[in-house]
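J.: One predicted model, sequence on top.
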Amino acid sequence: MSKNPLSCVLLADRHHGLTEGVRGLLATAFGTVVMVADEASLLEGAGRLQPDVAVVDLSLARDSGLGWLTALKRRCPELKVIALSVHDEQSVRKAALDAGADVFVLKRAIATELLSAVDAVRGCRSAGALNDDKLPT
């Protein structure tokens with residue numbers, strides 16, 4: 001993976017401790033990492049900054065719905081979205097992908113899968129086992 005100094009990623013997570021670690025990981029691949037902690041800031045930031053990728057925690061919203069993810073993809077249809085979750089149930093993965101996420105990564109696998117997911121949504125390599133039903137291989 002090569003770092004593009006002009007690229008931008010939007011990181012959305014309410015859990016500041018985890019966000020700092022993920023930010024450090026994403027900084028190896030993007031010129032700018034912008035962090036937000038709620039769905040309103042995510043939607044506003046995506047529209048204003050036009051990032052290449054958004055990495056979003058599915059528990060970002062206070063409610064359990066994913067309407068904010070659908071709204072994000074409607075507002076920024078070219079935006080590539082990597083959804084993060086602690087839940088490994090197939091129903092959660094399917095709901096995230098159906099709502100507009102391009103790739104789903106379990107939080108416990110961030111260290112090993114996040115940068116591969118970034119490469120996949122950027123088209124640098126196959127998404128492989130990450131989500132072969134959403135991205136071309």
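T.: Structure received.

J.: for the protein, what are the low-confidence residue spans?
T.: Confidence mapping of the chain against pLDDT under 70 gives the ranges 1-6, 124-137.

J.: quick one: the helices in it?
T.: With DSSP state H, the ranges of helices along the chain come out as 16-26, 39-49, 67-75, 90-99, 110-122.

J.: can you redo those as TSV with distance to V56?
T.: Yep, even glycine has a C-beta here, placed from its N, CA and C like the rest. Shown next, in TSV, are those (distance: least, C-beta to C-beta, whole Å):
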stretch	distance to V56
helix 16-26	11
helix 39-49	7
helix 67-75	7
helix 90-99	9
helix 110-122	12
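
J.: Turn these into JSON lines, including mean neighbour count and distance to I82.
T.: Shown next, in JSON lines, are these (neighbours: other C-beta atoms under 10 Å; distance: least, C-beta to C-beta, whole Å):
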{"stretch": "helix 16-26", "mean neighbour count": "14", "distance to I82": "10"}
{"stretch": "helix 39-49", "mean neighbour count": "17", "distance to I82": "13"}
{"stretch": "helix 67-75", "mean neighbour count": "17", "distance to I82": "11"}
{"stretch": "helix 90-99", "mean neighbour count": "16", "distance to I82": "10"}
{"stretch": "helix 110-122", "mean neighbour count": "19", "distance to I82": "5"}
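
J.: Looking at the ones you listed, which is nearest to T32?
T.: Closest to T32 of the helices of the chain, according to C-beta to C-beta: helix 39-49, at 8.3 Å.

J.: List the neighbours of that closest one that are in contact with it.
T.: Applying C-beta atoms under 8 Å, 6 or more residues apart in numbering, the external contacts of helix 39-49 come out as 8, 10, 12, 34, 36, 51, 54, 56, 60-61, 68, 71-72, 75-76, 79.

J.: try 6 Å
T.: Contact with helix 39-49 is made by 8, 10, 12, 36, 60-61, 68, 72, 75-76, as judged by C-beta atoms under 6 Å, 6 or more residues apart in numbering.
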